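A.B. asks: Quick one: sequence and predicted model below, then my questions.
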Amino acid sequence: MRPNILTRTLVTVTAVAGITTGGLVGTGFTAPQPAPVPAASASILAVNNLGLSTTQARHWQCFLDDLGFNPGTIDGQLGTNSWKAAQSFFNYYGYYVGSRLAVDGVVGTNTIKALQNFLGVGIDGIAGPATKGAFARFNNTNYC
């Protein structure tokens with residue numbers, strides 16, 4: 001029975017050595033944790049020209065700016081600041097439908113309804129061909 005004692009001794013020594021050096025995986029094992037990734041601040045930066053060319057979008061930005069609603073950089077890209085200016089314009093002049101718009105720069109259903117009311121087209125909250133066409137025609141005039 002000598003080989004059995006030798007095998008048991010060898011297994012025991014290996015286990016003790018592994019535990020002391022932390023080399024065995026068991027209940028006390030923890031994998032190294034990845035370094036935390038800093039959270040980026042979230043903001044809506046999407047451009048939504050609703051079918052306008054950059055020239056037409058620039059005209060819309062100038063129109064808003066001329067009335068005192070700051071669209072940010074007049075660059076033909078209708079981003080968050082441009083839509084915040086439009087929402088403020090719609091609220092100020094009462095073009096909102098139902099309750100006042102949240103001035104958040106998001107082109108949602110209520111913003112589209114206010115735009116449709118301003119343009120004098122059917123109000124359904126969907127920026128379909130009639131809305132986009134009327135918006136483009138309005139902005140064919142250079143307000144810059």
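C.D. replies: Thanks, I have the structure now.

A.B. asks: rest of the way, CA atoms for contacts and neighbours
C.D. replies: Will do.

A.B. asks: Where does pLDDT dip in the protein?
C.D. replies: Flagging of the chain using pLDDT under 70 yields the residue ranges 1-45.

A.B. asks: mind redoing it with 90?
C.D. replies: Scanning the chain for pLDDT under 90 picks out the ranges 1-46.

A.B. asks: Now for residue 63: which residues touch it?
C.D. replies: Under the criterion of CA atoms under 8 Å, 6 or more residues apart in numbering, the neighbours of residue 63 are 143, 144.

A.B. asks: Next up, identify which helix or strand it is on.
C.D. replies: Element membership for residue 63, per DSSP states H and E: helix 54-66.

A.B. asks: Which residues belonging to that helix are considered buried?
C.D. replies: Neighbour-count burial for helix 54-66 flags 55, 56, 57, 58, 59, 60, 61, 62, 63, 64, 65 (criterion: 16 or more other CA atoms under 10 Å).

A.B. asks: For the very next helix or strand once past it, name the packing helices and strands.
C.D. replies: Note on helix 54-66: by DSSP H and E, the next helix or strand toward the C-terminus is helix 80-92. Under the contact criterion of 3 or more CA pairs under 8 Å, 6 or more residues apart in numbering; DSSP states H and E, helix 80-92 touches helix 54-66, helix 109-119.

A.B. asks: List the buried residues in the helix or strand containing residue 136.
C.D. replies: Per DSSP H and E: residue 136 is located in helix 129-138. By 16+ other CA under 10 Å, the buried positions in helix 129-138 come out as 131, 132, 133, 134, 135, 136.

A.B. asks: what about stretch 98-110, start to end distance?
C.D. replies: Using CA to CA, to the nearest Å, the end-to-end distance of stretch 98-110 comes to 9 Å.

A.B. asks: quick one: contacts of it?
C.D. replies: Residues outside stretch 98-110 that contact it (CA under 8 Å, 6+ apart): 44, 48, 79-85, 87-88, 90-91, 96-97, 111, 125-126.

A.B. asks: With residue 140 as the reference, measure out to residue 133.
C.D. replies: To residue 140, residue 133 is 11 Å away according to CA to CA.
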